[in-house]
Structure formats: structure tokens, C-alpha cells
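**Student:** Next input, structure requested:
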Amino acid sequence: MSIVQKIRLVVLISGRGSNLQAILDQAANGTLPVEVNAVISNRPGVLGLKRAQQAGVPALELDHRGFADQTCFESSLIKLIDRYKPDLVILAGFMRILTVAFTKHYQGRLLNIHPSLLPKFRGLHTHERALAAREVEHGASIHTVNAELDSGPVIIQVRVPILLGDDHLTLAARVLEQEHRLYPKAIQWLAEGRLKLDKELVLFDGYQLEKPLQLENNSVYIRSDAP
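**Tutor:** I've put the predicted structure just below:
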């Protein structure tokens, strides 16, 4: 039986925080063994901060526009995060590209969720780009974070079929629904010790993960054609 260790979590956001809410809900009902110690937004007044406040979690603003450059912003962000001594820092709609200095500081404890089947459609406007490319499926990925945009090793993905008549809004809504399953799953594995992040390596059940895990219904498997 896995030993479950409660994870101290800091969440970085820039907007509405729907993935944050999924984590807060599962933490509150005891299904996700995390303690959300702080939520930090680089944009003031966003909905995600209100979600944190309603959950009794410190909701902090650190507006990147108040700093001379990215280096100064990240230096202050690191000091703020480290005040809470997190085991894990997760990006949940945090709309800043991070530098090598930041990603190295949190190497092995920094995750991001991205709304595409990476390595496809790194960056923004993923739903529009998937439709324009006439893809038959889309989805979301959890990956470790390095200084190259959306390029850290992918841990787990969930696939969403693109339906006849989909536009970017309908597709985005279905992908987001699955994101709310995906992020807690990865965090759960970290708490159970099944998932370990070792620099640029991802270990799952003691083995190096060569391809992303795939989440389907309540099952997890590796697809032979996964990147």
C-alpha cells in the first residue's frame, strides 16, 4: 500500500482559477491530500483570488507590471513562494514565460497544465489552432516546467474528441472539464509516491516514463502512438 503524504502546495494563477477550484474542492472533501498554502496571481483582482479567499487560503497579488523586468519580478516571486515552504508549485493558468533561474530553483517540484496534446500546439490559442489543423482529437497535458515554453517532459494527458460543429468555445469547455480531472490525478500520484520528478526525468512506479500516461475514464495507460 502506498504511503500518502500531504503535499504543501502553492498555486500560481493569472485569471479565473477553475483548475485551482477543482483542487480546492478535492482538498476540502478529503479526496486530494494537499494543503494549499497560498495562491499567487500576477494580475490583481482576478476571480481565482476570490476563490482562494472563499476557501480560507492566502490570496496574494504580485503584479508583474510593477517591476523593471522579468528578473526583478521573478526574484520577488521566489521570495514570496518560498515563504510558504511548498513541496510543489503548480501553474494553473499562469500566463508568464519563466526564466532558467526560476525553473531551476523549483526543478523537480514545478508543474504546469497546458490545453493541448503536447508537443502539439505549444503556446496560446490551442483550441483555434487544433480546429484550423483539422485535428480529430485535442486534449490537455500535465508537464514539468523548464525555461522553454511548454517543453518539459509530459507526465499525463487526457484526450478529447473534436466533434462535428465544434468551435473553439465548445471545444475549450470540454477540454477544461477534463483538465479538472487531470491535475488532481498527477498531484495525487505525487502524494502517494508513485510519481517522482528527478530533474528532467519523470519516474512512475519506479520506472522512467518514456511516454506520457493517458487518462481515460478511470483508467490510466500508455498509448503506443503517444509522442
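
**Student:** List of residues touching the helix or strand of the chain at the bottom of the mean pLDDT ranking?
**Tutor:** Ranking every helix and strand in the chain by mean pLDDT, DSSP states H and E puts strand 219-222 at the bottom, with a mean of 79. Residues from elsewhere that reach strand 219-222 (Cβ atoms under 8 Å, 6 or more residues apart in numbering): Ile156, Lys185, Lys211, Pro212, Leu213, Gln214. (Each C-beta comes from the backbone N, C-alpha and C, glycine too.)

**Student:** give the contact list for the closest residue in space to the fifth one that isn't next to it in sequence.
**Tutor:** This points to Leu213. For Leu213, ignoring the flanking residues on the chain, the nearest one in space by Cβ to Cβ, 6 or more residues apart in numbering is Ile156 at 4.3 Å. Contact analysis of Ile156 by Cβ under 8 Å, 6+ apart lists Ser141, Ile142, Leu182, Lys185, Ala186, Pro212, Leu213, Gln214, Leu215, Val220.

**Student:** Leu111 is in contact with the third one, correct?
**Tutor:** No - counting by Cβ atoms under 8 Å, Leu111 is not a contact partner of Leu182; they are 10.8 Å apart.

**Student:** Overlap in contacts, the two.
**Tutor:** Counting by Cβ under 8 Å, 6+ apart, the residues touching both Leu182 and Leu111 are Ile142.

**Student:** Just the CA coordinates for the helix or strand harbouring Ile23, please, in CSV.
**Tutor:** Here Ile23, judged by DSSP states H and E, is contained in helix 18-28. This file holds the C-alpha atoms of helix 18-28, laid out as CSV (Å, rounded to 0.1, in the frame of the first residue of the first chain):
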residue,chain,number,x,y,z
SER,A,18,-11.0,27.0,-12.5
ASN,A,19,-8.3,24.3,-12.1
LEU,A,20,-7.5,25.9,-8.7
GLN,A,21,-11.1,25.4,-7.7
ALA,A,22,-11.1,21.8,-8.7
ILE,A,23,-8.0,21.3,-6.4
LEU,A,24,-9.5,23.3,-3.6
ASP,A,25,-12.8,21.3,-3.8
GLN,A,26,-11.0,18.0,-3.6
ALA,A,27,-8.7,19.2,-0.8
ALA,A,28,-11.8,20.3,1.2
